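A.B. asks: Provided below are the primary sequence and the corresponding predicted coordinates.
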Amino acid sequence: MNARRLTPVLLILAILSMAPLIPGGPVENRSFGHIPVAMLIAFNAFITLVVLGSIPLAALARRGGRRILVWVIADGLGYVAIFALDLLHIFPVSPTPMSPALIGFELAGLAFGLAIIGSAVRDLRRPQPERAPSRALSAGARRLILGGALALAGAAIIAGTIGALH
């Protein structure tokens, strides 16, 4: 792929790979009713932050500067943490074993996280593109609108997954 195009594609693929892993869905059917709700909310908030954070990062990574790429690396580390914790049976641990399909999706998610990190590090080593001219809305206003929309979506996702888990 051309310069700085792989990172956004990897972020989008990572987002899409999470869709089948929604609790109670086609792949993730383990029981987590024994885990305290506060812990589940915290873990699901982290997952939601990583996945929803990938959306603006995918849009910004192609032309964003060094700061965006550092955020992309942090997001990739988030994917690695999510899947490593589960695959290593650290958290969340369920009495229901992981299905082969779930293990496959989680290994793919771990690979996406590592690939995102590697691609963003590679992009950091390349010459940085010039900044695009500003748009009608200020950067702060765009961040506020996007942040509010993502926060609402995140709250809905967390509420839905907690409901599915208990």
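C.D. replies: That came through, no problem.
A.B. asks: Can you say which helix or strand has the closest residue to L114 other than its chain neighbours in it?
C.D. replies: Nearest non-adjacent residue to L114, counting by CB to CB, 6 or more residues apart in numbering: V80, 6.2 Å away. In short, each C-beta sits where N, CA and C put it, glycine included. Assessed by DSSP states H and E, V80 sits inside helix 66-87.
A.B. asks: And for the residue positioned nearest the centre of the chain, nearest residue in space, chain neighbours not counted?
C.D. replies: Nearest residue to the geometric centre of the chain (CA atoms, centre = their mean): V51, 2.6 Å. Distances taken as CB to CB, 6+ apart put M18 closest to V51, at 5.2 Å, once the chain neighbours are dropped.
A.B. asks: ok, now which ones touch that neighbour?
C.D. replies: I47, V51, G109 (CB atoms under 8 Å, 6 or more residues apart in numbering).
A.B. asks: re earlier: give the buried residues for the helix holding V80.
C.D. replies: Under the neighbour-count criterion of 16 or more other CB atoms under 10 Å, helix 66-87 has 68-69, 71-73, 75-76, 78-83, 86 buried.
A.B. asks: Measure how far the helix or strand following that helix is from the centre of its chain, please.
C.D. replies: On the C-terminal side of helix 66-87, the closest following helix or strand by DSSP H and E is helix 100-124. Chain-centre distance of helix 100-124: 11 Å, with CA atoms, centre = their mean, to the nearest Å.
A.B. asks: Much appreciated, bye for now.
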